[in-house]
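Student: return a 3D structure for these sequence lines:
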Amino acid sequence: MNQQDAITKKNTGIQDQVRTCELRMERGSIDARGNERIEYVCGASGGTEHGYVLGVAGEDSAAMRAICNACPIPDALESRRACLNLVPVRRFGVRSLPVIQPGAQGSQSGETVAEVYFTCRWFYKLYREKQPRNNSMCLGCPYWFPRPPVELIPRYWPETQRMLRIVNGEEKVASALTGFTISPQRPSEGAWWQRLLRKIHF
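Tutor: Here you go, the predicted model:
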């Protein structure tokens, strides 16, 4: 068995143990010794290039199993209400100090905390930094549209990165005008026929 076959076999074993998710991706990288390796990345945390590394092919996958199998995003994306406008994001943090393992660049030990937010392209301005923590707001939405595969959604990964910046407070968003805000009272502009005349003549 050559090296590529061995990697493929290990990848298959990992994928069997971890729940399927359309936002988990593989990317090639080089470790500290100059060897090629395959990393599993959470696309919901920033896409292929900037996403959180969940695990590495051929290494212990316990942390990735714990993170991915507890994640609510796959359920949301597999539901009948999954929407084109839904952009779920995950913000990763570590409660205890990370420990860099020799020969495993960027690998972490410690308890990883992953917060999930269900941002929407239409309504993210309503919530700003406090985006919804589940997708219950999708029920009865007038802008709902069936979600295609992620590869067919235009600018999906840049939008993911933008939503993460909003959640992190790194990008400010103007408040959206809604029907629930109280507008200031305007002074009387006369009778209806006077207003109509002004619109016709001016």
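
Student: and the strands in this protein?
Tutor: With DSSP state E, the ranges of strands along the chain come out as 24-30, 36-42, 52-56, 86-94, 112-120.

Student: what's the mean pLDDT across the fourth one?
Tutor: The one in question is strand 86-94. For strand 86-94, the per-residue pLDDT values average out at 89.

Student: equivalent analysis for the second one, please.
Tutor: Averaging pLDDT along strand 36-42 gives 92.

Student: where along this protein do the helices fall?
Tutor: Taking DSSP state H as the criterion, the chain carries its helices at 3-17, 47-50, 62-69, 73-78, 124-127, 156-167, 192-201.

Student: the second one packs against which elements?
Tutor: Translated: helix 47-50. Other elements packing on helix 47-50 under the criterion 3 or more Cβ pairs under 8 Å, 6 or more residues apart in numbering; DSSP states H and E are strand 24-30, helix 156-167. Glycine gets a C-beta too; all of them are placed from N, C-alpha and C.

Student: mind listing what's buried along the longest one?
Tutor: By that I understand helix 156-167. By 16 or more other Cβ atoms under 10 Å, the buried positions in helix 156-167 come out as 157, 159-164, 166-167.

Student: need the contact partners of that helix.
Tutor: For helix 156-167, the surrounding residues in contact (Cβ atoms under 8 Å, 6 or more residues apart in numbering) are 43-48, 50, 87, 89, 91, 117, 119, 121, 124, 128-129, 131, 150, 171, 173.

Student: and the shortest one, by the same measure?
Tutor: Contacts with strand 24-30, where a contact means Cβ under 8 Å, 6+ apart, come from 11, 18, 36-43, 48-49, 51, 54, 57, 68, 105.

Student: next, the angle from it to helix 156-167.
Tutor: Angle, strand 24-30 to helix 156-167, by axes from the mean of the first three to the mean of the last three Cα atoms, to 10 degrees: 100 degrees.
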